[in-house]
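# Give the three-dimensional model of this entry:
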Amino acid sequence: MKFNLNQKELFNKNIEALDNIPLKESLKEIKSSKFKLILGKDILDINLQNTSDNTFLYENVIDELNTMLNTYNDKYLLYPVLYFYGFGNGILFKALLQNKNHQHIVVFEKDIEIIWTMFHILDFSNELQKNNLIIINTNILSEFDLLNFYKKANSIFLQFSRIYFLELISNYYERYNEEILKLNDTILSTIKISIIQYGNDSIDNLMGIKHFIYNLSKLLTHPHSEIFLKKRYKLSDT
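Predicted structure coming up:
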């Protein structure tokens with residue numbers, strides 16, 4: 001895939017705004033991608049085709065975007081932190097961050113060629129600079145990296161860790177089922193460690209979080225794949 005000068009400048013703008021140095025360097029090393037850009041008539045209809053197996057990130061870009069937006073506006077409108085597996089085309093994150101209640105969106109991505117491609121197409125610099133959009137390369141992710149989110153008692157990630165859940169951006173990412181389950185378990189374990197560490201802290205905003213510990217064992221053994229790897233809700237008629 002070849003990009004014009006404006007697209008290359010946009011990529012550099014996104015790269016400069018990216019705070020994750022290892023990811024930044026990895027993206028700068030990429031020279032080409034196996035993904036083909038598929039543009040529809042709608043400005044939001046941006047899909048990617050994996051030319052190695054002829055699969056698409058989305059089955060129907062607009063329908064899936066609307067379904068996700070309806071679900072999050074209905075159920076998770078006030079959540080300050082959201083977690084996703086898969087960067088996709090990134091449009092959902094820009095849309096969700098229009099809601100000021102959503103302070104951070106954490107995105108885990110294994111195939112960074114997807115990020116590399118979309119950094120040439122859409123401007124994420126504002127979301128990246130403000131740390132509203134946090135992108136993590138799962139290929140080099142460590143438990144220490146995850147602990148950084150929860151290492152301070154006043155961390156918003158720790159304060160709202162009891163409402164954590166991991167959402168797939170699209171069904172395309174079901175191919176990483178085993179990795180997603182491992183990542184999810186690692187995050188839950190990290191949250192448990194952090195809560196125990198600050199369990200006796202007197203800060204009011206940690207009140208109630210300790211009770212979450214007692215549910216973690218159930219969460220760790222619950223068949224999460226049946227929850228967050230299932231098909232997305234159908235678009236509401238309302």
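
# contacts and neighbour counts: CA atoms only from here.
OK.

# Can you point out the helix or strand that includes residue 73?
Using DSSP states H and E, residue 73 falls within helix 61-75.

# Could you report the pLDDT at residue 145?
The model reports residue 145 with a pLDDT of 83.

# any idea how far it is from residue 190?
As judged by Cα to Cα, to the nearest Å, residue 145 and residue 190 stand 10 Å apart.

# who has more neighbours, the two?
residue 190 (20 against 11; other Cα atoms under 10 Å).

# what are the phi and psi angles of the more buried one?
Phi and psi for residue 190, reported as degrees, to the nearest 10, are phi -60, psi -40.

# how many other residues sit next to the nearest residue to it once chain neighbours are set aside?
Counting by Cα to Cα, 6 or more residues apart in numbering, residue 190 lies nearest to residue 147, which is 6.2 Å off, once chain neighbours are set aside. Residues lying near residue 147 (other Cα under 10 Å) number 17.

# what sits against residue 147?
Contact partners of residue 147, counting by Cα atoms under 8 Å, 6 or more residues apart in numbering, are 190-191, 194.

# Mind telling me what element residue 38 is part of?
In the assignment (DSSP H and E), residue 38 maps to strand 35-39.

# What is the helix holding residue 73 packed up against?
helix 91-96 (3 or more Cα pairs under 8 Å, 6 or more residues apart in numbering; DSSP states H and E).

# how about the helix it packs on: buried residues?
91-94, 96 (16 or more other Cα atoms under 10 Å).

# State the distance from residue 10 to residue 110.
For residue 10, the distance to residue 110 equals 22 Å [Cα to Cα].

# same thing with residue 85?
Residue 85 is 9 Å from residue 110, by Cα to Cα.

# of these two, who's got more company?
A side-by-side neighbour count of residue 85 and residue 110, using other Cα under 10 Å, places residue 85 first with 25 against 20.

# is it true that residue 92 touches residue 65?
Yes - contact criterion Cα atoms under 8 Å: residue 92 and residue 65 qualify, at 6.4 Å.

# which ones are touching the spatially most central residue of the chain?
Of all residues in the chain, the one closest to the mean position by Cα atoms, centre = their mean is residue 107, 2.1 Å from it. Residues in contact with residue 107, defined by Cα under 8 Å, 6+ apart, are 83-87, 133-136.

# Export those to JSON lines and append columns for distance to residue 117 and pLDDT.
Shown next, in JSON lines, are these (distance: Cα to Cα, whole Å; pLDDT from 0 to 100):
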{"residue": "83", "distance to residue 117": "21", "pLDDT": "98"}
{"residue": "84", "distance to residue 117": "18", "pLDDT": "98"}
{"residue": "85", "distance to residue 117": "17", "pLDDT": "98"}
{"residue": "86", "distance to residue 117": "14", "pLDDT": "98"}
{"residue": "87", "distance to residue 117": "11", "pLDDT": "98"}
{"residue": "133", "distance to residue 117": "17", "pLDDT": "98"}
{"residue": "134", "distance to residue 117": "17", "pLDDT": "96"}
{"residue": "135", "distance to residue 117": "14", "pLDDT": "97"}
{"residue": "136", "distance to residue 117": "16", "pLDDT": "96"}
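
# and which of those is nearest residue 158?
Distances from residue 158 to the contacts of residue 107, taken as Cα to Cα, are shortest for residue 83 (13.5 Å).
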